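Visitor: how would this look folded up:
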Amino acid sequence: MLIQAHPGLRLQVRRIGAEGAPLLVIDQLVADPDRLVRKAARAQFAPQGAMFPGIRVRAPLSYEAFLERIIRPLLGDVFGLPPQARLAFPMCHYSLVTQPPQKLAFLQRIPHIDSATGLGLASVHYLFRGEWGGTAFYRHRSTGFEYVDEGRERTYFGQLEQESQGPDAPQPGYIGEDTALFERVDKVDGVYNRLVIYRRNSLHSGTIDNANVPPPDPEKGRLSINSFIDVIP
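Guide: Numbers count the residues shown, from 1 in each chain. Next up, the predicted model:
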């Protein structure tokens with residue numbers, strides 16, 4: 001499956017919150033996003049992993065190659081990473097959020113990190129046209145952390161464990177705007193054929209409407225391609 005960049009591709013570089021972690025937004029990413037949707041509609045989705053609140057299936061290998069072509073020239077200027085580093089994709093999946101809010105575990109009700117390393121990136125390519133939300137970024141109020149690296153892990157998760165037993169622990173449901181534990185500091189709307197890329201250690205969450213959980217249908221639900229990118233010097 002040959003994947004080409006859209007001739008009208010547009011880049012926007014942003015900084016998240018007070019700590020200024022990089023955030024890259026690319027609109028009109030691929031030339032034929034409908035083809036990616038059609039391929040997803042023929043695939044067999046299934047639950048994968050304990051944390052993702054939905055179902056997934058592997059994206060085409062050609063998508064990884066395309067994503068690497070897009071990201072590599074931006075590694076240094078946008079993310080401060082070695083431009084000639086090797087890139088690996090431990091995950092590159094079509095994803096559909098489907099889990100009802102009342103079934104979410106504690107860690108699914110709050111922002112999360114994908115890993116603590118500063119050499120890891122995550123991307124979300126929105127492939128839906130409905131009002132299914134985007135991606136938001138947060139500050140943990142009691143520590144002030146907007147990202148959690150190896151030096152912050154012990155402090156952050158220790159504090160979070162205490163808060164999970166306290167009066168401000170979140171009730172079942174997807175996080176939206178500010179809560180007693182977290183302040184939302186930035187948001188990217190879910191726009192068809194938009195890609196968002198950020199460091200995997202930034203505190204983030206999908207913005208899901210608790211009153212309107214998407215259906216498990218690639219053509220009608222909250223379809224995206226979610227990728228983890230390891231940058232190996």
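Visitor: and Glu146, how many residues sit next to it?
Guide: 23 (other C-beta atoms under 10 Å). C-beta coordinates here come from the backbone N, C-alpha and C atoms, glycine included.
Visitor: now the strands for the protein?
Guide: 10-16, 21-27, 54-58, 86-97, 120-126, 135-140, 182-188, 194-199, 204-206, 223-232 (DSSP state E).
Visitor: Asp77 is nearest to which of the ones you listed?
Guide: Of all those, it is strand 10-16 that lies closest to Asp77, at 8.2 Å by C-beta to C-beta.
Visitor: which parts of the closest one are buried?
Guide: Neighbour counts over strand 10-16 (16 or more other C-beta atoms under 10 Å) mark 14, 16 as buried.
Visitor: Quick check: mean pLDDT of that strand?
Guide: The average pLDDT within strand 10-16 is 98.
Visitor: Which elements pack onto that strand?
Guide: strand 21-27, strand 182-188 (3 or more C-beta pairs under 8 Å, 6 or more residues apart in numbering; DSSP states H and E).
Visitor: Roughly how far does the most centrally placed residue in the chain sit from Gln84?
Guide: In the chain, the centroid-proximal residue (C-alpha atoms, centre = their mean) is Val124; its distance is 5.0 Å. According to C-beta to C-beta, to the nearest Å, Val124 and Gln84 sit 26 Å apart.
Visitor: again with Ser224
Guide: From Ser224 to Gln84 the distance is 29 Å (C-beta to C-beta).
Visitor: Can you pick out the residue with more neighbours from these two?
Guide: More crowded of Ser224 and Gln84, by other C-beta under 10 Å: Ser224, with 29 against 8.
Visitor: Quick check, the more buried one in contact with Ser123.
Guide: No - using C-beta atoms under 8 Å, Ser224 is not in contact with Ser123; the gap is 9.5 Å.
Visitor: Distance check, the residue of the chain most remote from its centre against Thr143.
Guide: Most distant from the centre of the chain: Pro167, at 28.4 Å, with distances by C-alpha atoms, centre = their mean. According to C-beta to C-beta, Pro167 and Thr143 sit 18 Å apart.
Visitor: Equivalent analysis for Pro215, please.
Guide: For Pro215 relative to Thr143 (C-beta to C-beta), the value is 37 Å.
Visitor: what does Ser62 give?
Guide: Using C-beta to C-beta, one gets 41 Å for the distance from Ser62 to Thr143.
Visitor: for Pro233, same thing?
Guide: 29 Å.
Visitor: which one of the two has more residues nearby?
Guide: Between Pro233 and Thr143, counted using other C-beta under 10 Å, the more crowded position is Thr143 (14 against 8).
Visitor: OK, contacts around the more buried one?
Guide: Shown in contact with Thr143 (C-beta atoms under 8 Å, 6 or more residues apart in numbering): 152, 155-156, 159.
Visitor: Quick one, which of these are buried?
Guide: Among the contacts of Thr143, those buried by neighbour count (16+ other C-beta under 10 Å) are 152, 156, 159.
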